[in-house]
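> sequence? don't have it. structure:
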């Protein structure tokens, strides 16, 4: 077994105040956050310590600190040597975390608690380590970790109560020093010491949020929305001083969401960077492998895939998937919401249906299950006949054939779940040409600004809904103002604000717990009710998904409203549910009556 191989190296000297000496090239190359550990090392009684260090750019370094002998009364100093390292045997970041904790004598259960994983996941990771490093026992792993210099700092999961080992004592010294930075004066007001005077090189390590977004492929416009929403949240957090003085950095991995290989690769790239959490819109919907990747990784994963099947996976095995949170309700509510809207419009007299027939155009994807049993039952109870459910391909649908097919049923209303803006615009233009006197209810797709830009007048009168949508209230209006100031363009009504809320949720968790521990963040997310731009997030149910109002609960104070909009005068008008919208604002679509001949 060989040590972590090293490349280019540097060295310098650092004293107890954090002042470095040596070549300017070496001083400038000191990794972010390492000075904290050097000055903490000088507070211990150890003569030397050696460890792995991962930079914010994702490089591994081997670091060796040696105490420099000094005359009595002189400031203590450490000689620092560091070099670029390549991990042996294809070890991953998470495997280095597990190996470090095995080396410290922790059991699988204790490791799982620190990493936010299940004991079963840790057991699998230990088995992989035994195979990769050619060992037969945990003792062998520990020995080789020390011999091959494969123990990392900061310690995964934070400080230890036990002392004695050099890396543990350094970690304890870092945490003790951090706690001593802020004291309280006699007036009980926080007094922050001038850190610059204590340690001129101190820069607190950032929280890293990784995003997997479709900045390429058919859903690129959706990806751009989510990226801009997350960037706004990060900018606001950092403008207010970060989280406990630590900035937030946003790391984006792009993938075509309809290419599972690209999606899996994007997630693995964020795992390799060891980000503190991963967020996405719906990357996991078409790539089931994602849940296993994030389960093995262990850090919090927040998504908006509206995917009940994966909610069920979390519900059935929270020990493995406890870090997975669906920050929106599921797609199963769209169909019943469609029926509820038709009933309300019909029963209020605002709309007189031309028939009792309705049809659905269902997108051919794994996560689109709107024409489900709940939909059929709701339709039957209300006297609607589901005359047809047509499956629509993602790429190049033949809209003329499909619209001709549904026109033959003379439907009163059509539900369409295709969410790629250009394709949805093409459908609406063809639909309008056929002169159908039917309502069009789009699922989610028209929330994307590109849809309205491309459709122009063709979209006037279209109704659409989303289970995670921006409220048209003070929260929503403030968000839209700030978004436009930052990006110079208006925000859409779903993914921009959804990604914004995800970043703010994580920020609240880190700020409230004072920790990036996955286990603590998970517990916060399960136990806290958070009011965001897209409504209220309560993720404490067995499936760890947001509740839907009024589909799941009549209480809007613990749920996200299933928002319904209609395009009127070129912009969305909220129709419901009450109290967030007013169904009396409904207008008969302009294409009605154009086929009277």
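Everything's here; your move. A quick note: this is a predicted structure, and the numbers were derived from the prediction, not measured. Numbers count the residues shown, from 1 in each chain.
> So for residue 216, what's the pLDDT?
Looking at residue 216, its pLDDT is 87.
> helix, strand or coil for the spatially closest residue to residue 345 that is not a sequence neighbour?
Of all residues not flanking residue 345 in the chain, residue 351 sits nearest, at 4.1 Å (Cβ to Cβ, 6 or more residues apart in numbering). To be clear about C-beta, it is placed using only N, CA and C from the backbone, and glycine gets the same treatment. Under DSSP: H, G, I helix; E, B strand; the rest coil, the three-state class of residue 351 is coil.
> ok, now residue 218?
coil.
> Check residue 362 too.
strand.
> Could you pull up the contacting residues of it?
368, 370-371, 389-392, 417 (Cβ atoms under 8 Å, 6 or more residues apart in numbering).
> rewinding a little: tell me who's in contact with the residue nearest to residue 345.
Contacts of residue 351 by Cβ under 8 Å, 6+ apart are 345, 439, 586, 588.
> repeat that with 10 Å
The neighbours of residue 351, taking Cβ atoms under 10 Å, 6 or more residues apart in numbering as the test, are 341-342, 344-345, 412-413, 439, 586, 588-589, 592.
> Mind giving me the ChimeraX command for buried ones among the contacts of residue 362?
The ChimeraX command for the buried members of the contacts of residue 362 (criterion: 16 or more other Cβ atoms under 10 Å) is given here:
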select :368,370,371,390,392,417
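> Among the contacts of residue 362, which one lies nearest to residue 553?
residue 370 (20.1 Å; Cβ to Cβ).
> How much space separates that closest one from residue 424?
15 Å (Cβ to Cβ, to the nearest Å).
> And residue 312, by the same measure?
Taking Cβ to Cβ as the measure, residue 312 falls 29 Å from residue 424.
> And the two? Which one has more around it.
Set residue 312 next to residue 424 and count neighbours by other Cβ atoms under 10 Å: residue 424 wins out with 29 against 14.
> I'd guessed the more buried one sits against residue 567; true?
No - judged on Cβ atoms under 10 Å, residue 424 makes no contact with residue 567 at a distance of 12.0 Å.
> Touching both of those two, which residues are there?
440, 442, 446, 451, 455, 459, 462, 464.
> and whichever strand or helix holds the fourth one, which residues are buried?
Yep, that's residue 451 we're talking about. Here residue 451 sits within helix 449-455, counting by DSSP states H and E. Neighbour counts over helix 449-455 (16+ other Cβ under 10 Å) mark 449-452, 454-455 as buried.
> name the element residue 566 belongs to?
Here residue 566 is assigned to strand 563-568, by DSSP H and E.
> for the next helix or strand after that strand, packing partners?
Using DSSP H and E, the helix or strand that follows strand 563-568 in sequence is strand 571-576. Packing contacts for strand 571-576, counted by 3 or more Cβ pairs under 10 Å, 6 or more residues apart in numbering; DSSP states H and E, involve helix 333-348, strand 463-466, strand 563-568.
> circling back to that earlier point, what pLDDT, on average, does the helix holding residue 451 get?
Helix 449-455 comes out at a mean pLDDT of 87.
> can you list contacts of that helix?
With Cβ under 10 Å, 6+ apart as the criterion, helix 449-455 contacts 220-222, 224-225, 419-429, 442, 445-446, 448, 459, 462, 464, 489-493, 496, 567, 570-572.
> Could you rerun that using 6 Å?
221, 421, 424-425, 428, 492 (Cβ atoms under 6 Å, 6 or more residues apart in numbering).
> Repeat that for stretch 324-335.
Residues contacting stretch 324-335 (Cβ under 6 Å, 6+ apart): 301-304, 306, 308, 311, 314, 369-372, 375, 443, 467-468, 502, 525, 539, 544-546, 548, 551.
> coming back round to it: can you give me how far the helix holding residue 451 is from the chain middle?
26 Å (Cα atoms, centre = their mean, to the nearest Å).
> Where does the prediction get shaky in the chain?
Counting by pLDDT under 70, the chain has low-confidence residues at 1-3, 6, 32, 56-57, 72-73, 163, 177-204, 595-597.
> Do you have the strands of the stretch 401-550 of the chain handy? List them.
Assigned by DSSP state E, counting those that start in this stretch, the stretch 401-550 of the chain shows strands spanning 413-416, 439-443, 463-466, 529-532, 535-538, 548-549.
> Ok, the stretch 251-400 of the chain next?
277-280, 301-303, 324-326, 357-363, 385-392.
> Residues contacting the first one, please?
To tie it back to what came earlier, the one meant is strand 277-280. With Cβ under 6 Å, 6+ apart, strand 277-280 has contacts from 209-212, 270, 299-303, 502, 506.
> so how far is it from its chain's centroid?
Remark: strand 277-280 is offset 2 Å from the chain centroid, using Cα atoms, centre = their mean.
> The second one too?
Taking Cα atoms, centre = their mean, the mean C-alpha location of strand 301-303 is offset from the chain mean by 4 Å.
> Please name every helix or strand in contact with it.
strand 277-280, strand 324-326 (3 or more Cβ pairs under 6 Å, 6 or more residues apart in numbering; DSSP states H and E).
> Give me the distance between the residue nearest in space to the middle of the chain and residue 97.
For the chain, residue 279 is the residue whose C-alpha lies nearest the centre (Cα atoms, centre = their mean; 1.2 Å). Noted for residue 279: a distance of 21 Å to residue 97, by Cβ to Cβ.
> list the contacts for residue 260?
residue 287.
> what do you get for residue 77?
13, 15, 68.
> Give me the neighbour count for residue 401.
Residue 401: 10 neighbours (other Cβ under 10 Å).
> Give the burial count for the closest residue in space to residue 569 that isn't next to it in sequence, as a bare number.
In this structure, residue 569 finds its nearest non-sequential neighbour in residue 460, 7.8 Å apart by Cβ to Cβ, 6+ apart. Residue 460 sits with 18 neighbouring residues when counted by other Cβ under 10 Å.
> Quickly list what residue 13 is bridged to.
residue 21, residue 79 (DSSP bridges).
> how many neighbours does residue 356 have?
14.
> quick one: contacts for it?
Residue 356 neighbours (Cβ under 6 Å, 6+ apart): 383-385.
> Compare those residues and tell me which is most surrounded.
residue 384 (24 neighbours).
> Distance of the residue lying closest to that residue once chain neighbours are set aside relative to residue 29?
Nearest non-adjacent residue to residue 384, counting by Cβ to Cβ, 6+ apart: residue 358, 5.2 Å away. Distance of residue 358 to residue 29, computed by Cβ to Cβ: 66 Å.
> So for these two, which residue has more residues nearby?
residue 358 (27 against 16).
> Could you double-check that the more buried one sits in contact with residue 410?
No - at 10.7 Å, residue 358 does not count as touching residue 410 under the criterion of Cβ atoms under 6 Å.
> Tell me which helix or strand residue 554 sits in.
Residue-wise, residue 554 maps onto no helix or strand under DSSP H and E.
> repeat for residue 172
Residue 172 belongs to helix 166-180, assigned by DSSP H and E.
> From the contact counts, what lies against that helix?
So helix 166-180, by 3+ Cβ pairs under 6 Å, 6+ apart, packs with helix 34-41, strand 48-54.
> contact partners of the last one?
Contacts with strand 48-54, where a contact means Cβ under 6 Å, 6+ apart, come from 41, 60-61, 63-66, 149, 151-153, 166-167, 170, 274.
> Which two among the residues you listed are spaced furthest apart?
66 and 274 (26.8 Å).
> Have a look at these two and say which one is more surrounded.
The residue with more neighbours, out of residue 66 and residue 274, is residue 274; 20 against 17, by other Cβ under 10 Å.
> Identify the residues contacting the more buried one.
Contacts of residue 274 by Cβ under 6 Å, 6+ apart are 54, 93.
> ditto for residue 58
Taking Cβ under 6 Å, 6+ apart, one finds residue 273 in contact with residue 58.
> how close does it sit to residue 249?
12 Å.
> thinking again about what came up before, can you put the shared contacts of residue 424 and residue 567 in TSV and add distance to residue 520?
Converted to TSV, these look like this (distance: Cβ to Cβ, whole Å):
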residue	distance to residue 520
440	46
442	40
446	39
451	40
455	46
459	45
462	44
464	38
